[in-house]
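**Student:** Got a sequence here, can you build the structure:
(one chain, ligands or ions: 1)
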Amino acid sequence: MGDLISIAKTEQISPGSGFVAEVQDKSFAVFNLEGSYRVIDNTCLHRGGPLGDGDLAGEIVTCPWHGWEYNVKTGACTNNPAACVKTYEVIVDGSDIKIEV
Ligand code: FES
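**Tutor:** This next block holds a predicted model:
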């Protein structure tokens, strides 16, 4: 098992929205799916747009730069089936959102 790190607080992310967490020189996109938290790499595979700043509709986030779409549960890119961003196991501990790295 890897290390657990705290990347955000639950109160920082409203339901139906995302958040960019910069931790240990890495950038994570954290999403609140109606109280269930999901974490993927923040960097869009197209040209590096910040996925945590994208609009969330259901499970799909749209990159704010050029509109590529990703499923925040699976990391799959709907525009490019060969592309997938990394997903992380999430543990909510009180108000801390933690992931295993
Ligand atoms: S950088 Fe994300 S769609 Fe272009």
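
**Student:** Report the secondary structure state of residue 40.
**Tutor:** Following DSSP: H, G, I helix; E, B strand; the rest coil, the label given to residue 40 is strand.

**Student:** Residue 61 versus the residue sitting nearest the centre point of the chain, what's the distance?
**Tutor:** Centroid-nearest residue in the chain, with CA atoms, centre = their mean: residue 29, separated by 3.0 Å. Using CB to CB, to the nearest Å, we find residue 29 at a distance of 7 Å from residue 61. C-beta: built from backbone N, CA, C; applies to glycine.

**Student:** list residues touching both of these two?
**Tutor:** Shared contacts of residue 29 and residue 61 (CB atoms under 8 Å, 6 or more residues apart in numbering): 18, 51, 54, 72.

**Student:** what's in contact with stretch 74-90?
**Tutor:** 28, 37-41, 43-46, 51, 60, 68-71, 73, 97-101.

**Student:** ignore the last one, stretch 56-69
**Tutor:** 16-18, 29, 31, 33, 44-47, 49-51, 53-55, 70-73, 77-80.

**Student:** hmm, try it at 6 Å
**Tutor:** 16, 18, 31, 44, 46, 49, 51, 53-55, 70-73, 77-79 (CB atoms under 6 Å, 6 or more residues apart in numbering).

**Student:** what's the span of it, first residue to last?
**Tutor:** 10 Å (CA to CA, to the nearest Å).

**Student:** Quickly check: that stretch near the ligand or not.
**Tutor:** Yes - under the criterion of CB under 6 Å from any ligand atom, the ligand is reached by stretch 56-69 at 63, 65, 66, 67, 68.

**Student:** quick one: buried residues of that stretch?
**Tutor:** Residues 56, 61, 62, 63, 68, 69 are the ones in stretch 56-69 that count as buried (16 or more other CB atoms under 10 Å).
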